[in-house]
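Q: Quick one, what's the 3D model for this:
(4 chains)
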There are 2 protein chains.
Amino acid sequence: MPRPSLKQVRREQILDAYEICLIRYGVEGTTMDRVAKEAGLARPLIRHNVGNRDDLLQATVERFIERSDVSMRQMIAALPRTDTLITLIDWLFDPASSDSRTALISAALVAASANDPNLARTMREWTRGFLDYLSGIIRGADSTLDDKSVSTIAAGLVSLYFSVESLSPVGPMSDYRAACKDAARRLVEPLNV
Amino acid sequence: MPRPSLKQVRREQILDAYEICLIRYGVEGTTMDRVAKEAGLARPLIRHNVGNRDDLLQATVERFIERSDVSMRQMIAALPRTDTLITLIDWLFDPASSDSRTALISAALVAASANDPNLARTMREWTRGFLDYLSGIIRGADSTLDDKSVSTIAAGLVSLYFSVESLSPVGPMSDYRAACKDAARRLVEPLNV
DNA sequence: GAATAAATTGTCGATATTGACAATAATAAA
DNA sequence: TTTATTATTGTCAATATCGACAATTTATTC
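A: Take a look at the predicted model:
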């Protein structure tokens, strides 16, 4: 009887646009008009389908965490049992398979955490979760490693990866990327891969 | 005869305030009112002493580059001849001596580079300069190193350092900081310090 | 104390942004 | 074809922000 609801479609469409603005203008610089224009929708539709500014941010954060969780599990499932870490490093630092979106969104959210204690807590937990995922991978690749070594390698890989991707707004820096990949390899070199 | 000029004092005061806003709200989220309130001055004084929005950004970028250049040279001059890299790592990752301002400002400027090709070029050059400084330190610490190793270590240290400092808005993560410091040590471990 | 040049304050119009509500158009089922 | 429900558009007032200029105050020098 009713007209079919597009709310879910529109919602994704709007959150996609919000993410792009988030990367380009940051949390405080993202206006409803910019989101609307980016989404190709009228501004009242933003409100109709998602809500006001705060609702947009909250919905984006929730979707971001949900998605990064899913893609992390998928990546873990797709990793081979041998040469696990070498393959992981290839994926993380290959310019073709690289996806700077996650890093750029997290950078914007971390920056905005300075004014938003709740967001700060969320992003702190998200970071810990990311490190935990990586720790699991490393432990699985070399079960003889002690805990300290595991967290050291995990922190090193995360840092190198996010540094490279976060720099993408300034344009391609392929030599820096290659150097970071090499540094990552050196970190895992002494291990039993 | 004329009233003594406070232009230089006010200018520094205003640029300091702008930097704080830049870290908190980003380039697009920093308004003249926020800068004025942060500086404790009336808004027209911002215009009188520095200029409009664009002038503020440009002046801040120039001062940022100038300052980071000076502090980099000072740090190089202050480094000891023995245990150079170990000392450097201690400085970079000691929470007491750490200064997240540089990293947070550069993060904000890099993010804003997505809309501003000129800024992108500037920040790309600044990053290269930062890497070059570090390469020089590393080469000075171990003159037997080949070029590739030097740039690998430099990229690794820069990545680890900026990752740690850029995370500061979410609050202290002392274990992550310690893990990154340990990763940095592992990178320089095989060297003749 | 008067003159001069700068700092400081006051105020304006133009535009941007938000939140909210009303009105209209569209689509599927009965 | 009517009806119900939703999408979409239109419009409004309140506020925020910017750029600009005029008016006033202040401090130094003569």
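Q: Next, see if stretch A:59-77 gets close to chain B.
A: No - using C-beta under 8 Å from any C-beta of the partner chain, stretch A:59-77 never reaches chain B; the gap is at least 13.0 Å. Any C-beta I mention is one placed from the backbone N, CA and C, and that applies to glycine too.
Q: Return the distance of that stretch from the chain's centre.
A: 8 Å (C-alpha atoms, centre = their mean, to the nearest Å).
Q: do stretch A:37-50 as well
A: Counting by C-alpha atoms, centre = their mean, stretch A:37-50 comes out at 24 Å from the chain centroid.
Q: First-to-last residue distance for that stretch?
A: Taking C-alpha to C-alpha, to the nearest Å, stretch A:37-50 runs 15 Å from one end to the other.
Q: Touching, A:R11 and A:G51? I think so.
A: No - the pair A:R11 / A:G51 is not scored as a contact, 10.1 Å apart, by C-beta atoms under 8 Å.
Q: quick one: common contacting residues for those two?
A: A:A59 (C-beta atoms under 8 Å, 6 or more residues apart in numbering or on different chains).
Q: Nearest spatial neighbour of the residue most central in space within chain A, chain-adjacent residues omitted?
A: For chain A, A:T102 is the residue whose C-alpha lies nearest the centre (C-alpha atoms, centre = their mean; 2.4 Å). Closest residue to A:T102 apart from its sequence neighbours, by C-beta to C-beta, 6 or more residues apart in numbering or on different chains: A:S68 at 5.8 Å.
Q: Number of residues surrounding the one you found?
A: 18 (other C-beta atoms under 10 Å in any protein chain shown).
Q: Give me the pLDDT for it.
A: pLDDT recorded at A:S68 is 96.
Q: Tell me who's in contact with A:L15.
A: Counted by C-beta under 8 Å, 6+ apart, A:L15 has contacts A:50, A:56, A:59-60, A:63.
Q: Just the ones of the residues you listed in helices?
A: Of the contacts of A:L15, the ones assigned to helices by DSSP state H are A:56, A:59-60, A:63.
Q: Let me have those in a markdown table, adding neighbour count and distance to A:D94 as columns.
A: What follows is the ones in helices among the contacts of A:L15, written out as a markdown table (neighbours: other C-beta atoms under 10 Å in any protein chain shown; distance: C-beta to C-beta, whole Å):
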| residue | neighbour count | distance to A:D94 |
| --- | --- | --- |
| A:L56 | 23 | 33 |
| A:A59 | 17 | 31 |
| A:T60 | 23 | 27 |
| A:R63 | 16 | 26 |
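Q: Quick check: the farthest pair among these?
A: Distances among these were taken as C-beta to C-beta; the most separated pair is A:L56 and A:R63, at 10.8 Å.
Q: so where's chain A shaky on pLDDT?
A: Along chain A, segments meeting pLDDT under 70 span A:1-3, A:5, A:192-193.
Q: Would you mind confirming that A:G140 makes contact with A:L88?
A: No - in this structure, A:G140 is not within contact of A:L88 by C-beta under 8 Å, at 10.7 Å.
Q: Same drill for the two, tell me which one is more crowded.
A: Neighbour count, other C-beta under 10 Å: between A:G140 and A:L88, A:L88 has more, with 22 against 13.
Q: what about the more buried one, which helix or strand?
A: For A:L88, the element it lies in under DSSP states H and E is helix A:84-93.
Q: tell me the angle the helix or strand following that helix makes with helix B:100-112.
A: Sequence order places helix A:100-112 as the next helix or strand after helix A:84-93, per DSSP H and E. In terms of direction (axes from the mean of the first three to the mean of the last three C-alpha atoms, to 10 degrees), helix A:100-112 departs from helix B:100-112 by 130 degrees.
Q: Export helix A:100-112 to CSV, keeping only CA atoms.
A: Output in CSV follows, covering the C-alpha atoms of helix A:100-112 (Å, rounded to 0.1, in the frame of the first residue of the first chain):
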residue,chain,number,x,y,z
SER,A,100,43.2,5.4,2.3
ARG,A,101,39.6,6.0,3.2
THR,A,102,39.7,4.2,6.5
ALA,A,103,42.9,6.0,7.6
LEU,A,104,41.6,9.4,6.5
ILE,A,105,38.3,8.9,8.3
SER,A,106,40.0,7.8,11.4
ALA,A,107,42.3,10.8,11.2
ALA,A,108,39.4,13.2,11.0
LEU,A,109,37.6,11.5,13.9
VAL,A,110,40.7,11.4,16.1
ALA,A,111,41.3,15.1,15.4
ALA,A,112,37.7,15.9,16.4
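Q: Just want the angle from the helix or strand A:L131 falls within to helix A:100-112.
A: Element membership for A:L131 (DSSP H and E) is helix A:117-141. For helix A:117-141 against helix A:100-112, the angle by the same axes, to 10 degrees is 140 degrees.
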